[in-house]
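**Q** take a look and give me a structure for this.
(2 chains)
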Amino acid sequence: MAKRALGLGQKNKEKKRKVESEGRQDSKEVTPGADQISVELDDNEDLDDEFSQLKGLWQTYFHSDRENEYVLNGIVHECDRLLRQSEEDAKIKKSLNDEFHAIYALALSELTIFKAGEDDEENKNMQSVAEFFDNAVERCELGLALFSDSQLLKLVIAKIIIQRIPLEYVSQLKVNSTTDALKIDLNEQLEQAKKNFNVNKDHLELTYEVLQMFDDLLDIIENFGHENEIEEGLDSDDEEELAQVELSSTHPLYKLQQNLPKNYQWLRDQMTQLFNALGDQDKFYHSVARSVGHLYLKAAEEPTSTFMRLQYGDDDEPSSDEESCKSAQRSALKYTKQALEFLEKGQVKDEPETWVEVAEAYIDLGNLHDYQSKDQEKSYQVAEDILMKANKASHGKFQDILDNLLDKE
Amino acid sequence: MKRKAPSNPVNLPQKQASLEEDKVKGLFNKKIWDPKFQNELKNEIAEAKPYNWGTIRDLVDDELLRAVRKEIETEIHFTKKETDIYKVNQSGDLANLAGLDWNDLSRLPNLYKLRQILYSEVYRDVIAHVTGSGKLSGQKADMSINTYTKGCHLLTHDDVIGSRRISFILYLPDPDRTWKSHYGGGLRLFDSIIPNVPYSDPCAKLVPQFNQIAFFKVQPGFSFHDVEEVKVDKHRLSIQGWYHIPQKGEDGFIPGEEEAWVQTNTSTLAQLESNVLQDYEFPKFERDILPYHQVKHFEKVLDANEAERHDDKDKEVTPVSAFSDEHQLSKHEMEYLTQYISHEYLSNEGIVKLQNKFLEDSALQIESFLNDSKSELMKKLIKGNELEKDCPYAAKDVKSPWKTAVPPHKWRYLYIDGKSHENFQNEADILANLNREELQNFELLKQTLNKKENEAETELIDLVEFFKSTIFKKYLALLTSLCPLSEQVLIRRFRPGEDFTLATKCQLNELLKNVDGFVDSVLEGTLCLTPFDGWESGEVGGYELYMADNDDEGDEESKTQLDRDVEDAAVYRADDSGDSVLINSSASWNTFNLVLRDETVLEFVKYVSWSAKSSRWDIKMQWDVKSTEADE
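**A** A predicted model of the protein is given here:
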């Protein structure tokens, strides 16, 4: 063996030659252990306990970028094995609590993401996705038969339903679909999910994930029919709003579309509950705070646009609208202020974009105050100060927002 | 591995069903046939800065171009490609993902028609007239379709490849919306200090609109341009194409003209790469030769190991020195190193582990290299610098102790090199600097800095001085069993939306080549000090990549003329196919990479995206080395 290292390029060639001379077809380097994964274990977990290892494996997947189907397959196989063993081994049987069933069901439902894009044939994929979801739901039901008051299993059911609606059902729909396009009532499904959902103090991160999925689902419903425009990229700086595509009352998404405001409010209430359950040391405290803030901004949208139309619209509105204008202003101000309260809690010292969210909400607030009032000027000023700071911290990333604001003034 | 040619010109059949001239004319905006318009455009182009270029709004029939766009959207498949010089979605068609077959456009009738009119004689003559380019080939059609989505970019180059005479880009973003400047994706043009040395900053920028064409004469050494990164979630679709020198049988064909043109360009480039250009490159990767008395100690340290292994009791030991000649760290050396480096890498076991790993891999990646207190201090200062200080973007705004690395068709970043401040504005500045060259002196530089204003810089310089210390180099010799002969250390900062290096090979120090035991590789260290996260996926660039140059393995005979042109022109360098990647290391906090690079290894730092959370910061070091082991 040489006593000094070869240059990297020569080394690479030497390694390649070695591999070739060893008669391996595949010239790709395989580092021993590269396909192994390390598993997260709590300090007080028993290393030899198989269920602890399973939990660790699930946590590893849950906190990863979730691109590894093998880990999920591994979890499912391990669950199967433990189940079989439990029939003979009383100790194992005892250890399989509701969390075991939850992990099993979660792994099955996560596998659908990979199944959806697996085959070239769309139908085959959908069939396989449906099967995996069915199995996941069944697993929860089996678990609940044994642990009827398990809040975790209920949360998992909610997760599965909320994930299933867009992936399996909405993906098949077109703007002109009718009731018979699907065999199930999506609105009922979502209500089912809401009924099962709970802010689970022992599983706050999973709780947050379920709420984010719920948020995504509402977004999909809201923008249904606009997928192509969104793909093209919206003109965000024009504050261009896409009008909701009006669906016929026989469309499978019709009821969900009608219920959007109600569901957004439900989401906001749950997200606020989750926030209240967190301490400011929790790693997703800031992010939940911002989520609540966004949902309040969402709530402010409707009264804001009413106020803007009545106050600044081109048309000569009848004076009887003065009261509705004031009322819209009050309502919009209330929501925007609440949003600010949470967005400010959601700020992170090192992340200028979180400051900018606050600044943008201050601009909204300024827009809602009476024209050229002290309140308005103050709001714009606060926004400008934050934007200046954020712009400096991010190499000019927010220059266009700042330009827009200064232009406005 | 070389990047495939960006497109393959196809020879249009001589007898293709050519459209009648009237029909061709009818598919263009009729203003372009007006001699007054043509002459005004010709004047504009002749006067244009920084070189002869022009643009026409609403070039072709709106309906035709919308139909082309629709066809591209439905029929053409795009694949994201990333190399050192670009990130772009390149077109293939649905039947053949490897590339769009320009010989068969039967499924793309509107694109076919568009190509026919763009290469029609009557239109080519207009372009030749307004640019003064001379006749253009109608036979050699050369087009490619790209879409730039968020994060896509193409860095500075001059488009000189083969027989290209005119470059053009026809833009097709969303026809119903205005493309705005802050979306990015602009075509930026660079003026040149001298031929082949463009300025660091562009001096003109075109914000592209639907149905707008931009074009310029391909001028070796001058026509430098880039495509600014797209900063928003939008598609900037474009058709890029070239007009070539007339081919045999065409009007305007001159025997030997193309060969002479290609020959001149390639040889000029080769010459430049080896000579002139290097003079105009800053910073220079020239390593200062270490004092002999220092090298002698390193030799003894390494010899001591030899002697130990051979159980040789008669080894010579120097009694008085800044450091001991023993093949291990003395208490005093340990104390010094401990002020900077994590303890685990200084223990005997730690060192042995690193030694073995380096011998095995010719490279080391050491996490958490600086000890906790240094690391925390540096992180606080660099973060503070990122969040609270304005970072200069234009080269003219860069203040001491920072400088801008030039020229931009090779790299752009900020650096501190331990020499007097300079900020080149013109050729004379560069020549003056070349006339009075300095050696690195970080200590002196540090003394000139206002410590309050340059807290981070001062501490970074202190780190550099540590890396230049004899004790650190002894440690380095222990890890690598190599004796350092020369050194260069630079502090670098790669700003988001601005900085990169293109792939280059290392150059050995010519003066040291005859030294006994000289190793024909350069030892390279990078201490990455990038304080924010978000780099792991590589999406925002900023990673440092080492790759094998498989050039010599290519089958020379199977290469087409175009392949050779592409290689010769050395415009496009690296491919992302993956099998040649030796080391890919994302920007990170406190990671020290040590690599022994031979001359076949290419290295680059990928362009840092505008959407990265911060700059990439690092300290880059290089040493020429020799081996003290006897040939066995």
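**Q** CA only for contacts and neighbour counts going forward, please
**A** Noted.
**Q** distance of the residue nearest to residue A:391 when sequence neighbours are not counted from residue A:291?
**A** Beyond its immediate neighbours in the sequence, the residue positioned closest to residue A:391 (C-alpha to C-alpha, 6 or more residues apart in numbering or on different chains) is residue A:398, lying 5.3 Å away. Separation of residue A:398 from residue A:291 (C-alpha to C-alpha, to the nearest Å): 21 Å.
**Q** ok, the two, which is more surrounded?
**A** A direct count of neighbours by other C-alpha atoms under 10 Å in any protein chain shown for residue A:398 and residue A:291 places residue A:291 higher, at 24 against 19.
**Q** pretty sure the more buried one is touching residue A:271, no?
**A** Yes. Applying C-alpha atoms under 8 Å, one finds residue A:291 in contact with residue A:271, separated by 7.5 Å.
**Q** contacting residues for residue A:288?
**A** Remark: with contacts taken as C-alpha atoms under 8 Å, 6 or more residues apart in numbering or on different chains, residue A:288 is in contact with A:208, A:271, A:274-275, A:346.
**Q** out of those residues, flag the one nearest to chain B.
**A** The closest of the contacts of residue A:288 to chain B turns out to be residue A:346 (C-alpha to the nearest C-alpha; 17.8 Å).
**Q** residues touching the closest one, list them.
**A** Neighbour list for residue A:346: A:285-290, A:354 [criterion: C-alpha under 8 Å, 6+ apart].
**Q** excluding chain neighbours, give the residue nearest to residue A:101 in space.
**A** Setting aside the residues directly before and after it, residue A:101 is nearest to residue A:143 in space (C-alpha to C-alpha, 6+ apart), at 5.6 Å.
**Q** quick check: which element contains that neighbour?
**A** Counting by DSSP states H and E, the element that carries residue A:143 is helix A:122-146.
**Q** list the contacts of that helix.
**A** A:98, A:101-102, A:104-106, A:108-109, A:111-113, A:115-119, A:150, A:153-154, A:156-157, A:160, A:164, A:168.
**Q** what residues of it count as buried?
**A** Neighbour counts over helix A:122-146 (16 or more other C-alpha atoms under 10 Å in any protein chain shown) mark A:125-126, A:128-130, A:132-137, A:139-141, A:143-144 as buried.
**Q** now, which of those residues sits nearest chain B?
**A** Checking the buried residues of helix A:122-146 against chain B by C-alpha to the nearest C-alpha gives residue A:125 as the nearest, at 21.4 Å.
**Q** pLDDT value on that closest one, please?
**A** Each residue has a pLDDT score; the one for residue A:125 is 86.
**Q** same thing with residue A:27?
**A** On the pLDDT scale, residue A:27 is placed at 39.
**Q** so where is the stretch 101-250 of chain A shaky, pLDDT-wise?
**A** A:228-241 (pLDDT under 70).
**Q** what about the helices in it?
**A** Assigned helices in the stretch 101-250 of chain A, in chain order: A:122-146, A:151-164, A:186-196, A:204-222, A:227-232 (criterion: DSSP state H, counting those that start in this stretch).
**Q** before we move on, what about the stretch 301-409 of chain A?
**A** Listed in chain order, the helices of the stretch 301-409 of chain A (DSSP H, counting those that start in this stretch) span residues A:322-345, A:352-368, A:374-393, A:399-408.
**Q** most packed of those helices?
**A** Taking mean count of other C-alpha atoms under 10 Å in any protein chain shown as the contact definition, the stretch among the helices of the stretch 301-409 of chain A with the greatest mean neighbour count is helix A:352-368, which reaches a mean of 23.
**Q** now that one: mean pLDDT?
**A** Helix A:352-368 comes out with an average pLDDT of 96.
**Q** what's that helix packed up against?
**A** Applying 3 or more C-alpha pairs under 8 Å, 6 or more residues apart in numbering or on different chains; DSSP states H and E, one finds that helix A:352-368 makes contact with helix A:285-312, helix A:322-345, helix A:374-393.
**Q** I'd like these as CSV, with mean pLDDT and distance to residue B:501 appended.
**A** Putting these into CSV (pLDDT from 0 to 100; distance: least, C-alpha to C-alpha, whole Å) gives the following:
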stretch, mean pLDDT, distance to residue B:501
helix A:285-312, 95, 36
helix A:322-345, 96, 39
helix A:374-393, 95, 24
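**Q** can you put those in JSON lines and add distance to residue B:396?
**A** Compiled in JSON lines, those are given as follows (distance: least, C-alpha to C-alpha, whole Å):
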{"stretch": "helix A:285-312", "distance to residue B:396": "40"}
{"stretch": "helix A:322-345", "distance to residue B:396": "38"}
{"stretch": "helix A:374-393", "distance to residue B:396": "19"}
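**Q** out of those helices, flag the one nearest residue A:72.
**A** With C-alpha to C-alpha, the closest approach to residue A:72 among the helices and strands packed on helix A:352-368 belongs to helix A:285-312: 26.9 Å.
**Q** which of the contacts of residue A:288 sit farthest apart?
**A** Of all pairs drawn from those, the one with the largest separation by C-alpha to C-alpha is A:208 and A:346; the distance is 14.9 Å.
**Q** can you check the pLDDT for residue A:34?
**A** Confidence per residue is given as pLDDT, and for residue A:34 that number is 46.
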